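In: next come a sequence and a model predicted from it.
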Protein chains: 2
Amino acid sequence: MLKTNDASALDIHALMLEMGRDARAAARPLALASTAQKDAALEAMADALVGDEARILAANAIDIANGEQNNLSAAFMDRLRLDPGRIRSMADGLRAIAALKDPVGDVIAAWERPNGLKIERVRTPLGVIGVIFESRPNVTADAGALCLKAGNAVILRGGSDSANSSAAIHACLARGLKSAGLPETTIQLVPVTDRAAVGEMLAGLDGAIDVIVPRGGKGLVGRVQAEARVPVFAHLEGICHLYIDRSADLDMARDIAVNAKMRRTGICGAAETLLIDRAAAETHLVPIMQALADAGCEIRADGAARAHFLAAQPASEEDWSTEYLDAIISVKLVDGIEAAIDHIETHSSHHTEAIVAEDAQAVERFFNEIDSAILLHNASTQFADGGEFGMGAEIGIATGKMHARGPVGVEQLTSFKYRVRGTGQIRP
Amino acid sequence: MLKTNDASALDIHALMLEMGRDARAAARPLALASTAQKDAALEAMADALVGDEARILAANAIDIANGEQNNLSAAFMDRLRLDPGRIRSMADGLRAIAALKDPVGDVIAAWERPNGLKIERVRTPLGVIGVIFESRPNVTADAGALCLKAGNAVILRGGSDSANSSAAIHACLARGLKSAGLPETTIQLVPVTDRAAVGEMLAGLDGAIDVIVPRGGKGLVGRVQAEARVPVFAHLEGICHLYIDRSADLDMARDIAVNAKMRRTGICGAAETLLIDRAAAETHLVPIMQALADAGCEIRADGAARAHFLAAQPASEEDWSTEYLDAIISVKLVDGIEAAIDHIETHSSHHTEAIVAEDAQAVERFFNEIDSAILLHNASTQFADGGEFGMGAEIGIATGKMHARGPVGVEQLTSFKYRVRGTGQIRP
């Protein structure tokens, strides 16, 4: 393993390929590691994080000072900043992952053939995961731990602005691995900040990387999706819709609308567009839009909706395809469930959509005809989250159709193989 | 839909993009089609194939005549040639797919959260499948039908040598779709033989293709895997191993070895390398190698194995990585289960491996430590087949780790989404 922070003289290509080989070499013993051994490593990592609090905060202080000098945005600085509470919750996160059920070895399906062959489909690790993230140094611990729990080696590539914080956290993970007798190369942090390292990972490191998970803004995810030569678990954006049917209970619709938009506006499961059934315009529109406005939300509405609520701004065509990630919502009147479905299928990013309705037929159409990863009935779009789904933790949310879709937890970080037990069967 | 066989004046790029849009447009109603409607289409297609026997044979005769003029190999001509029996078995294949369980709408998992949210994971079609195949015109029917059953639209691109046969078969599929009220563009056959059409499909047709399935030799699969910008379900080769442990029953080992290699030598599940435990060399090696030789198999062995069986040819290093697809097998003596696993993990294409053993511990190590799609105990590698697995039919066998692995049947041609039913829950 090469260890250096001096990229200048380094051949990045050779360094990255070596990291890939090290990860691949670690993946095999890791796939056979017992649950107890993996969990012991996770607990030891948590202890190390708490024990190293001073060292981690000192490293973070360097990143914060650099960030201030570089005039990084307040939001960016907030994501970057660590404090004792955030370090404790990172450690708690590791212990929570240790407490999750180990997916490796799970028999997903089993059946017997007429000739007596007994077939089992059993979960296996995926192999090597590449995680590319931006400002949040805690991703080092979260993503490393989730990959480990599913028996995968991982190569982490953090943002240059959080390099010192990530390195201090990574040192704790390495100590935890070592104390549990697992290869330290199970969780590697790319030691150079050169952007060429990202390109190398997207090319797959000579087949060493099985899947890439980008964690960050649309710029990062878009680049990864466009350039990666290996599968990617990600969503580019979460243009989530909330449809209020004519049959909706008004109080419920209002509470869900405010929660879906305003609970946290910066997360991918936040609603961006509100579709209201034209048949409910007289009864539901004003109370819901008033409640959103009272909560501090800017409303951009089509002409028909504005006629009912003059305080709204006019929506442009672009608004229907915009992920605001802010206290802004676009609102449109639609002619019932069919028009709602058409609008969503046209403009959605296939992440999460919700319907508020008492009419069971409208709900079934919504559930059947919309092809998004997560569909909700009478519940807030902000439940689009691995923890809320009971998966314990997630490495992200995927909107692709292959392998992993919706929240990506430990189970989604596995593959499978078939085990077939015979008694001498030959094929006729 | 453009309909032409005159590629000369055509903009292939525009043609293929239009086919992609047509497929995507067909995919939405198809995803909502009932099982009865899809099965009616499949039955009508089968009737049309039988009814069009004369027309299909006439089209095939043109391909055969062209093939003879082009001096195509005997094996190629055999794959190309249709007769009434082959047409009947194509029709029977469609009826068998109609009889399969419809995977779409299957609830794969369901659970309830403490807050009362009821979460279901339900199967959905993948969307649009691209199938690229070579000489066998029957793939037109098989692949088209499997994709349809799973609710997917499909774009088929056959080899130029079978173009007339494929077009005649495709006409029957289109009639079946029409008679069942499904869009004829559900199953499209690329109407030009220009190779640029393949490149367009591998680029994904502007996001219209969700997955590519290549059906053909290593040259085709290799090109597809190297160039595709969309996921691929395939195996490049099947370098399948059979390991005979010291604890193996000799008669069983001999029967399985002969079957695994010689039942059909040209299929991907045929064994290519035989590993024999050194501790069984005195007892098992000669009877097994003699049985293979008696069955007409050429044996290429390492020095230690040849010392026991002088009729064997010497194996070169290259033999351990060669898929013969012929009556040739490489044989090596290994120091027990650990050395067998090392050899397989080094040389396998991760398709299918089998162990013959009575020692349960050896079997468990084989099952746990080898990362191939299919592992068998005391059974022939030639069971690596969707039909033999009880899946009814397969579009191929995949060795990737993502989404589909092992036989790819209707279930593997689906994705999934989450349906969440609430009673007004908002996220705290």
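Out: Yep, it's here. Numbers count the residues shown, from 1 in each chain, chains lettered A, B, ... in the order given.

In: what's around the closest residue to chain B within the stretch 151-300 of chain A, how many residues?
Out: Going by C-beta to the nearest C-beta, chain B is nearest to residue A:259 of the stretch 151-300 of chain A, at 3.6 Å. C-beta coordinates here come from the backbone N, C-alpha and C atoms, glycine included. The tally of other residues near residue A:259 (other C-beta atoms under 10 Å in any protein chain shown) stands at 23.

In: look up which helix or strand it falls in, please.
Out: Of the helices and strands defined by DSSP states H and E, residue A:259 is found in helix A:250-262.

In: chain B contacts on the stretch 201-350 of chain A?
Out: Residues of the stretch 201-350 of chain A found near chain B (C-beta under 8 Å from any C-beta of the partner chain) are A:210, A:211, A:231, A:249, A:252, A:255, A:256, A:258, A:259, A:260, A:263, A:345.

In: and those residues, which are buried?
Out: Taking 16 or more other C-beta atoms under 10 Å in any protein chain shown as the criterion, what is buried in these is A:210, A:211, A:231, A:249, A:252, A:255, A:256, A:258, A:259, A:260, A:263.

In: farthest-separated two in these?
Out: A:210 and A:249 (46.1 Å; C-beta to C-beta).

In: buried sites along the helix or strand containing residue A:95?
Out: With elements taken from DSSP H and E, the one containing residue A:95 is helix A:84-99. Using 16+ other C-beta under 10 Å as the test for burial, helix A:84-99 gives A:86, A:87, A:90, A:91, A:93, A:94, A:96, A:97, A:98.

In: which one of those residues is nearest chain B?
Out: Nearest to chain B among the buried residues of helix A:84-99, counting by C-beta to the nearest C-beta, is residue A:96 at 15.8 Å.

In: just checking, the closest one touches residue A:387?
Out: No. Counting by C-beta atoms under 8 Å, residue A:96 does not reach residue A:387; the two are 9.1 Å apart.

In: quick one on the thing from earlier: just checking, what packs against the helix holding residue A:95?
Out: With contacts taken as 3 or more C-beta pairs under 8 Å, 6 or more residues apart in numbering or on different chains; DSSP states H and E, helix A:84-99 sits against helix A:35-51, helix A:53-69, helix A:139-149.

In: residue A:417 looks like it's in a strand, true?
Out: Yes. With DSSP: H, G, I helix; E, B strand; the rest coil as the criterion, residue A:417 is located in a strand.

In: how far away is it from residue B:352?
Out: Residue A:417 is 10 Å from residue B:352, where distance means C-beta to C-beta, to the nearest Å.

In: hey, what's in contact with both of the two?
Out: B:372, B:373, B:374, B:375 (C-beta atoms under 8 Å, 6 or more residues apart in numbering or on different chains).

In: got those as JSON lines, with secondary structure and neighbour count columns?
Out: Putting the shared contacts of residue A:417 and residue B:352 into JSON lines (DSSP: H, G, I helix; E, B strand; the rest coil; neighbours: other C-beta atoms under 10 Å in any protein chain shown) gives the following:
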{"residue": "B:372", "secondary structure": "coil", "neighbour count": "24"}
{"residue": "B:373", "secondary structure": "coil", "neighbour count": "25"}
{"residue": "B:374", "secondary structure": "strand", "neighbour count": "27"}
{"residue": "B:375", "secondary structure": "strand", "neighbour count": "25"}
